[in-house]
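1. I would like to see how this sequence folds:
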Amino acid sequence: MKVLSILAESASDVLETIQRHKRVRCVEVRADKAPSSMNLGAIRKAYSGKLIFTCRNFQEDSQTVKSLYHKALEEGFDYVDVDIEFMPELSQIDQDFSSKLILSFHNYADSRLSYVMLDRMFQIPAAHYKIGLHVTDVWETFALLKSSKSWEKPVLLVLMGEAGEWSRVCYRYFDNPWTYLCDMGVPTAPGQVDTQRWDREFGRVPSKKYDLYGILGGQVSHSFSPYFHNQFFKKRKKSCSYQRFPAQDLENFFDLCPPWIKGLSVTTPLKRSVVPFLSSYDYLVEASGSCNTMVRDGTAWIGHNTDASGLRAALDEIMPGWVEKEKVIILGAGGLARSALAALCDHKEMIFVWNRTEYKARDLAEQFGVNFLPTDQRFELRNTVLIQATSAGFQDQHVSPIPPEWLEETTTLVESIYNPRYTLLATRAMEMEIEILQAVDLFRYQAIHQQRIWFGDLGFSVEEGQKVLS
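-> Numbers count the residues shown, from 1 in each chain. Have a look, this model is predicted:
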């Protein structure tokens, strides 16, 4: 069950939000900023679904909070969610409300939870017990999931922060009776997914447990991958889901990674770091030292590089004339630059590497047997394929790795950044009406190659992928 959590100051706020989300069967009224005069009876009268009342500002105004909890019980709310630290304040309520009590504990700082706190909670009769913890690395969610199986009583485990988002979507893995969503732009806790993004990115989540896939990386919030691959699962009627897995500690990630995670996309800055965790890998991983796709085989992980295969396929199919250019200049010296070098290794004589840190360009060029360009000199882009493989411009459309004015009418630009959709360099290329391979096309080809690694011939065709992203 999905619970819409509404941060409201009045009954009309709650009812207006409910009116925009008519399919929601349960609402949490979060009254942190509500006055004691808030008309909870009007909410109960107007809404026939389940209602949960909660408030988190008890340390500032305990009398108002006590009054609101009392009203919620009197007006027939189905549950009241009370933080364990506030339970003594409610002892004056002249009734036994344990059958309506969600007893909760929250640690907004980190993921630590003591067994002393669990024992203290379990000594208080309640309908449900809820633990909210803040996680910063996805391996913490795996560790907590494993630990929760040994707890004395069932607990609704709510994991906050970006690393906890997947657990909110895949709440059935935690045996949670419900999960919390929010209205767009109004989260009531870190890591909540709003109803609009849930519908767009995840759609219908299978009612039973299912195989998971996900994107593993440092910054994953911007990724198109969840939308694209979940659309694939929907159209192919696969009981799978694709999630975001922000991570730094790979040792703990792979040590604790549950068996139902079957495949991973890998993004910056982990494409090289995951290679030691692979049991085997394809020739493109070997050539580039970079892996962006993993598939599970029993207890082993097999690595692939669809950045490389996708780039080559996109160039050959969309811009077959690229091989007639005089040279290829690759901007960057990271994982994507390595993938580009591996993909184009049969044309070494025409490849040049440039990087803002010159020794990195020189070292990379030597490794692959290609040329490098000095950092402090302007280079010629006439009749050139320019592959933009740096992070310059990511989430900032005013930044470019090189001056856009360097582009010429005979330049072909390959842009790898799709957030923003049109970078400064890509915008200049479009204004000049020169040939450009957009980042969304690179994404489409490499993502389709991932699907074929994971699911064989079921993977999207290029045309299907284009429709999904259009």
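2. is Ile387 bridged to anything, and to what?
-> With DSSP bridges applied, Ile387 shows beta-bridge pairing to Ile330, Val414.
3. got phi/psi on Gly335?
-> Backbone torsions for Gly335, taken as degrees, to the nearest 10, come to phi -60, psi -40.
4. so who does the residue nearest to Glu405 when sequence neighbours are not counted touch?
-> In space, Glu405 comes closest to Arg428 once its chain neighbours are excluded; the distance is 7.6 Å by CB to CB, 6 or more residues apart in numbering. Glycine gets a C-beta too; all of them are placed from N, C-alpha and C. If you count contacts by CB atoms under 8 Å, 6 or more residues apart in numbering, Arg428 has them with 400, 404-405, 407.
5. in three-state terms, label the residue nearest to the spatial centre of the chain for me.
-> Most central in the chain under CA atoms, centre = their mean is Arg244, positioned 3.1 Å from the mean C-alpha point. Following DSSP: H, G, I helix; E, B strand; the rest coil, we place Arg244 in the strand state.
6. check it and give its pLDDT.
-> Taken from the predicted model, the pLDDT recorded for Arg244 is 97.
7. pretty sure it sits against Ile215.
-> Yes - using CB atoms under 8 Å as the test, Arg244 is close enough to Ile215 to be in contact (5.7 Å).
8. who's in contact with Ile84?
-> Taking CB under 8 Å, 6+ apart, one finds 103-105, 117, 120-121, 124 in contact with Ile84.
9. for the stretch 201-350 of the chain, which segments count as strands?
-> In chain order, the stretch 201-350 of the chain shows strands spanning 211-217, 240-246, 261-266, 280-281, 293-297, 300-304, 327-331, with DSSP state E, counting those that start in this stretch as the criterion.
10. the fourth one pairs with which strands?
-> In the sheet, strand 280-281 lines up against strand 300-304 (parallel) (DSSP bridges).
11. not counting the strand it pairs with itself, show me its contacts.
-> For strand 300-304, the external contacting residues (CB under 8 Å, 6+ apart) are 254, 274-275, 277-282, 284-285, 291-296, 449-450, 453.
12. ChimeraX command for the buried members of those residues?
-> Those of those that count as buried under 16 or more other CB atoms under 10 Å are selected in ChimeraX with:
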select :254,274,275,277,278,281,282,284,285,291,292,293,294,295,296,449,450,453
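13. which residues of the stretch 151-300 of the chain score low on pLDDT?
-> Judged against pLDDT under 70, the low-scoring parts of the stretch 151-300 of the chain cover residues 206-207.
14. show me the helices in it, by range?
-> 165-169, 195-197, 225-235, 250-256, 283-288 (DSSP state H, counting those that start in this stretch).
15. what comes into contact with the last one?
-> Under the contact criterion CB under 8 Å, 6+ apart, helix 283-288 has outside partners 275, 278, 291, 303-305, 308-309, 335, 338-339, 341-343, 345.
16. which two in those residues are spaced the farthest apart?
-> Within the contacts of helix 283-288, two members stand farthest from each other by CB to CB: Leu278 and Cys345, at 20.5 Å.
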